[in-house]
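Engineer: Let me see the structure of the following:
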Amino acid sequence: MRRNPIPELLRHGGRAGLTRWLASARTWVWRGVFAGAVVAATLAVVPGAAGDTPLITLTIYGTTGQNGWYVTNVTLNWSFSGPLYSSSGCSNVTMTADTPGTTFSCTATSLDQSTTTTVTKTIKLDKTPPAVTAAASRAPDANGWYNHALSVSFAGQDGTSGVAACTSANYAGPDNPNTAVAGSCTDNAGNVGGAAFGLEYDATPPTISKVTAKTGNRRLDLAWAASGAQSFQVMRTSSARGVKSGVVYSGTGVGFRDTRLKVGAHYQYTVTATDQAGNSASKSVLVTATGALLAPAPGASVSQPPVLRWTPKKGAAYYNVQLVRGKKILSAWPATNYFRLPRSWVFQGHRYRLHRGVYRWYVWPGFGVFSANRYGSVLGGSSFVYSSG
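Structural biologist: Reported below is the predicted structural model:
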């Protein structure tokens with residue numbers, strides 16, 4: 001049997017000598033005595049060929065994203081084929097932190113130290129989505145509300161792989177007091193971050209169902225009915241000389257009294273209702289201002305014998321109504337503040353009836369008993385146009 005050669009080789013040739021022996025040896029048997037017994041051992045060595053290049057294999061575990069980036073934790077495992085003299089930088093490692101690029105190198109030397117192989121790999125890791133912000137293309141229209149279409153753009157920040165692209169969106173309804181427009185940004189690694197732009201949206205104007213006007217003695221009572229409105233404005237216009245046009249009312253009420261009107265002047269009142277989002281709707285009414293004589297309005301056209309109405313006079317017991325067409329053709333004494341013209345009547349021995357044309361009428365208040373014949377100043381005069389045959 002051979003003696004164990006390894007101690008001798010190490011003593012005389014060192015590690016290099018041992019390496020050269022292992023490269024050529026095939027089989028040796030060592031026999032010795034251990035604890036009073038004879039022990040034999042056989043060592044079989046199958047060396048690689050001198051000068052074989054080490055083969056390094058790198059296995060990477062992780063989820064790939066885009067553009068060569070990883071988007072989850074990455075583990076690097078190194079493995080070799082064939083006997084090696086040495087290796088360095090080949091420890092298995094797991095990466096958990098984002099990095100724009102970390103390089104790893106594994107170097108292996110062949111058993112006879114004649115060849116060296118190095119494998120290098122750079123890992124780019126970005127697990128973090130971009131931070132996204134949203135911005136509207138314009139400010140709200142009123143009180144924080146939007147009342148017509150808007151666009152929302154999205155922008156992102158990403159400190160590792162950088163932002164590749166962001167979306168944009170438009171919103172044009174439906175109406176909603178608490179809605180949001182969603183968008184996103186994508187980084188170069190393929191991570192997607194999102195954001196939402198909250199808004200209040202109302203594109204539906206309020207509704208004005210009616211506007212009414214009641215004339216008085218140089219005044220007008222305007223009233224309206226509306227739904228979905230927060231405030232109202234009344235604009236008065238007139239082409240009459242000396243009459244100013246402009247806004248005569250602003251507020252939250254549903255009525256307005258206009259005074260100091262010019263008798264016989266034509267006025268247009270436009271009521272505009274506005275909601276909290278700034279939407280508005282308008283409705284107009286045309287009025288002819290009256291004095292103490294209320295109806296028909298001055299210059300109004302009638303096709304039937306009209307009811308003449310006037311403002312009551314305090315203390316009056318009766319009134320004298322006179323109708324004129326070129327001359328006085330009717331005189332009546334009603335006890336109330338109105339008088340319906342008959343289709344025909346007799347005055348001072350002549351029969352009259354309404355024909356096409358312009359008529360003027362006047363009213364005086366009477367006080368005390370009728371026989372006292374005590375009258376006040378004329379309340380006023382007005383006219384109407386009769387258009388029926």
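Engineer: Quick check: what element follows the least confident helix or strand in the chain by mean pLDDT along the chain?
Structural biologist: One helix or strand of the chain scores below all others by mean pLDDT, DSSP states H and E: strand 37-44, with a mean of 34. Next helix or strand after strand 37-44 toward the C-terminus (DSSP states H and E): strand 55-61.
Engineer: next one: that next one to chain centre, how far?
Structural biologist: 53 Å (C-alpha atoms, centre = their mean, to the nearest Å).
Engineer: For that strand, buried residues please.
Structural biologist: Residues I56 are the ones in strand 55-61 that count as buried (16 or more other C-beta atoms under 10 Å). Placement of C-beta: from N, CA and C, glycine included.
Engineer: average model confidence for it?
Structural biologist: The average pLDDT for strand 55-61 rounds to 96.
Engineer: List the contacts of that strand.
Structural biologist: Strand 55-61 is contacted by residues 74-82, 90, 106, 108, 117-119, 121, 123 when judged by C-beta atoms under 8 Å, 6 or more residues apart in numbering.
Engineer: just for this protein, where's the confidence low?
Structural biologist: Across the chain, the ranges flagged by pLDDT under 70 are 1-51, 389.
Engineer: Could you rerun that using 80?
Structural biologist: 1-52, 388-389 (pLDDT under 80).
Engineer: where does T107 sit relative to K244, distance-wise?
Structural biologist: Distance, T107 to K244, using C-beta to C-beta, to the nearest Å: 97 Å.
Engineer: try A335
Structural biologist: 40 Å.
Engineer: neighbour count winner among those two?
Structural biologist: A335 (11 against 8; other C-beta atoms under 10 Å).
Engineer: What segments of the stretch 151-300 of the chain are strands?
Structural biologist: 163-166, 168-171, 176-187, 192-201, 207-216, 219-227, 231-237, 246-251, 255-259, 266-274, 280-288, 293-295, 300-302 (DSSP state E, counting those that start in this stretch).
Engineer: Can you tell me which helices and strands the second one packs against?
Structural biologist: Think strand 168-171. Identification of packing neighbours for strand 168-171 by 3 or more C-beta pairs under 8 Å, 6 or more residues apart in numbering; DSSP states H and E yields strand 150-157, strand 176-187.
Engineer: Please name the strands paired to the first one in the sheet, noting orientation.
Structural biologist: The strands beside strand 150-157 in its sheet (DSSP bridges) come out as strand 131-136 (antiparallel), strand 168-171 (antiparallel).
Engineer: May I have the longest one as CSV, with CA atoms only?
Structural biologist: Extracted C-alpha coordinates of strand 131-136, given in CSV (Å, rounded to 0.1, in the frame of the first residue of the first chain):
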residue,chain,number,x,y,z
ALA,A,131,-46.2,59.9,-7.2
VAL,A,132,-49.0,61.5,-9.3
THR,A,133,-50.7,64.9,-9.0
ALA,A,134,-53.8,66.2,-10.9
ALA,A,135,-54.6,69.7,-12.1
ALA,A,136,-57.7,71.1,-13.9
